[in-house]
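1. sequence and predicted structure are below.
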Amino acid sequence: MKAAPLEEYDVLVLGSGEGGKSIAWTLAQQGKHVAVIERKYIGGSCPNIACLPSKNIIHSAKVASYFYRSGEFGITKDNCRINLSVVRDRKRKMVDGLIKMHLDNFKASGAELVMGSGRFVGPRTIEVALADGGTRVLQGEMVIISTGTRAAVEHIPGLSEASPLTHIQALELDDIPEHLLVLGGGYVGLELAQAMRRFGSRVTVIERNDRLAHREDEDVSEGLHEVFRDEGIGVVTAARVNRIEGKSGQSLKLQATQTGSEIVLEGTHLLVATGRIPNTQGIGLELAGVELTERGYIKVNERLETSAPGVWAMGECAGSPQFTHIAFDDFRVVRDNLAGGHRVTTGRQVPSCMFTDPELARIGLSESEAKTSGTAYRLAKIPMKAVLRTRTLSETRGFMKALIAAESDHILGFTAFGVAAGEIMASVQVAMIAGLPYTALRDAVFTHPTMSEGLILLFSAVPPISISSGSRAGGTIDLACKRSVVETVDRLESLLKAKGIKVFARIDQASEAKAASLAMRPMVLLIFGDPKAGTPLMKRYPSLAIDLPLKALVWEEAEGKVWLSYNSPEFLQQRHGLNRRPFEAIGQLLQAATQ
């Protein structure tokens, strides 16, 4: 057989997932000669078999749940029946529309879509077994690998022979399983378990760890266990499956060990949701000079460059967090670096959302992560029922909580377990991106009644910073003040000036009468930095408490205790030469000022 001729391109992209298609469309629009090689799913997993189809099915299950609760809303239901094939067809219609959208984008951008299975046969050279027959050999000056991951099927005796469902087959079911067994208590397993239960299946979740969503905080797991219990979903934790007998779709027996005891679980269908593995085997990476990690992911640096010159990798196959939004950011990393920039994957935000009902959304540190890393924090937490919008929806389950730095007003993390949690999280994430103090959200004006309005309540519940000389975690300084308030402030001001900190504005004794009339304790405000910063603060003086915007200090004396609060330790430390930890340095100044 005659060898296929070598075809040369500026850029080859292996895999049309989120990162791959985005970089292909972008570079093609810039005039590059680009080809994208895709084995099966145009646009990758997200629009075809993962993110969007699953959320489509989950929404149908949400609608079904309203029928079960119809009496609560004053609606009478009769002969309610779920036709899963119609649910599936609605999902398919959406997917068809997404595929058309992708094909239109390929055409508009000028990037060529090559349908077939690609494998490297040399450096930056890919042989493609075309889907419609034949072979092509393509070579690129640059190659980008975006092959994604697939559901892992563990090596458990009898599991492969049982022909279990993965999320792909579960989303294509046209009959409601009589009893669905779900292996895995993570995102995929929990989302589909709840959906299938709402369609009418009996469902049991088997999790090897001692709680569902075990990587999240314990209060999150407790909330999920409560929801599943209330909806009649069985949960078996701390169980390790040893053997499986039977066939998914017919009848199954799972033999497992739970806390030293042997148990047997029976069902009609089996869904495997125990993790994912990279699509890096059998594609000739060794011939391309591309190295893998011990876990089989493509080895990349923080710029997403592989070990092979001119070859990049992005998304899940490169070990990035397994979210479509992260794959899209990987595209931006590669795009900017190809343009001569230096963009890296380290230090970026990784927001996440699990679409159970209620939703779970998180950005930044969780409590367990903060404790593990030794990060001091202040915790604010409110129940979702405190957000009045939830009462209008009869969706009051869950909570919101935020972690605030112990020594500043920096937002460390946010978790919401409740209705519209993912949408609420976005507001907090934007504040974190902008480096805003939590007070910006606390003092914002949000529309009533909305879910975002709950952020005002949440951040109003942040405990105040308390100062203790030599104590990183904070506390109070108990002082038998030997000076009057005014004398103490004068002394403090002079000590601060001696440290090179200029006081531009000050609310002193003249304002104490006003504070007293407002039932506030005696308070002094010292503002550093731009003199203009004092104007809006002084206008808002009646609302000042312990926490203030950037570049501000509050000194407050009451009942022999002194509190000091400020927003940015880094600002004071870097701009004003306080060499010790800010709390310690200012605490010592305060001690001296009151004696």
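-> Nice, thanks for sending it over.

2. list the contacts of stretch 385-399.
-> For stretch 385-399, the surrounding residues in contact (Cβ atoms under 8 Å, 6 or more residues apart in numbering) are 69, 72-73, 219, 223, 227, 358, 381-384, 400, 416-419, 421, 448-451, 453-454, 457. All C-beta spots, glycine's among them, are computed from the backbone N, C-alpha and C.

3. so, low pLDDT: which residues of this protein?
-> Residue ranges of the chain with pLDDT under 70: 1, 466-493, 495-595.

4. give me the number of residues near Ser160?
-> 12 (other Cβ atoms under 10 Å).

5. quick one on the thing from earlier: in strands, which of the contacts of stretch 385-399 appear?
-> If you go by DSSP state E, the contacts of stretch 385-399 have Lys381, Ile382, Pro383, Met400, Ala416, Phe417, Gly418 in strands.

6. now which of these would you call buried?
-> Buried members of the ones in strands among the contacts of stretch 385-399, scored by 16 or more other Cβ atoms under 10 Å, are Ile382, Met400, Ala416, Phe417, Gly418.

7. can I get those in CSV including distance to Glu262?
-> Listed next are these as CSV, based on distance: Cβ to Cβ, whole Å:
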residue, distance to Glu262
Ile382, 44
Met400, 42
Ala416, 40
Phe417, 34
Gly418, 39
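
8. out of the residues you listed, what pair is the most spread apart?
-> Of all pairs drawn from these, the greatest distance, 11.6 Å, lies between Ile382 and Phe417 (Cβ to Cβ).

9. what touches both of those two?
-> Common contacts of Ile382 and Phe417 (Cβ under 8 Å, 6+ apart): Phe399, Met400.

10. can you redo the ones in strands among the contacts of stretch 385-399 as CSV with distance to Asp443?
-> Output for the ones in strands among the contacts of stretch 385-399, formatted as CSV (distance: Cβ to Cβ, whole Å):
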residue, distance to Asp443
Lys381, 19
Ile382, 17
Pro383, 22
Met400, 17
Ala416, 20
Phe417, 25
Gly418, 23
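
11. picking up where we left off before, what's the closest of the buried ones among the ones in strands among the contacts of stretch 385-399 to Pro309?
-> Using Cβ to Cβ, Ala416 is the member of those that lies nearest Pro309, at 44.6 Å.

12. I'd guessed the closest one sits against Ala426; true?
-> No: using Cβ atoms under 8 Å, Ala416 makes no contact with Ala426, being 10.6 Å away.

13. now Thr257. Nearest residue, chain neighbours left out?
-> Nearest non-adjacent residue to Thr257, counting by Cβ to Cβ, 6 or more residues apart in numbering: Arg240, 5.2 Å away.

14. ok, residues contacting whichever strand or helix holds that neighbour?
-> Per DSSP states H and E, Arg240 falls inside strand 239-247. Here strand 239-247 makes contact (Cβ under 8 Å, 6+ apart) with 156-159, 161-163, 183, 206-208, 252-258, 263, 270.

15. any buried residues in that strand, and which?
-> Ala239, Val241, Ile244, Gly246, Lys247.

16. same question for stretch 208-222.
-> Residues of stretch 208-222 classed as buried: Arg208, Arg211, Leu212, Ala213, His214, Glu216, Asp217, Val220, Ser221 (neighbour count, 16+ other Cβ under 10 Å).

17. next SSE downstream of the lengthiest helix in the chain?
-> Among the segments of the chain that qualify as a helix by DSSP state H, the longest is helix 84-109. Beyond helix 84-109 on the C-terminal side, the first helix or strand identified by DSSP H and E is strand 112-122.

18. buried residues in that next one?
-> Neighbour counts over strand 112-122 (16+ other Cβ under 10 Å) mark Glu112, Leu113, Val114, Gly116, Gly118, Arg119, Phe120 as buried.
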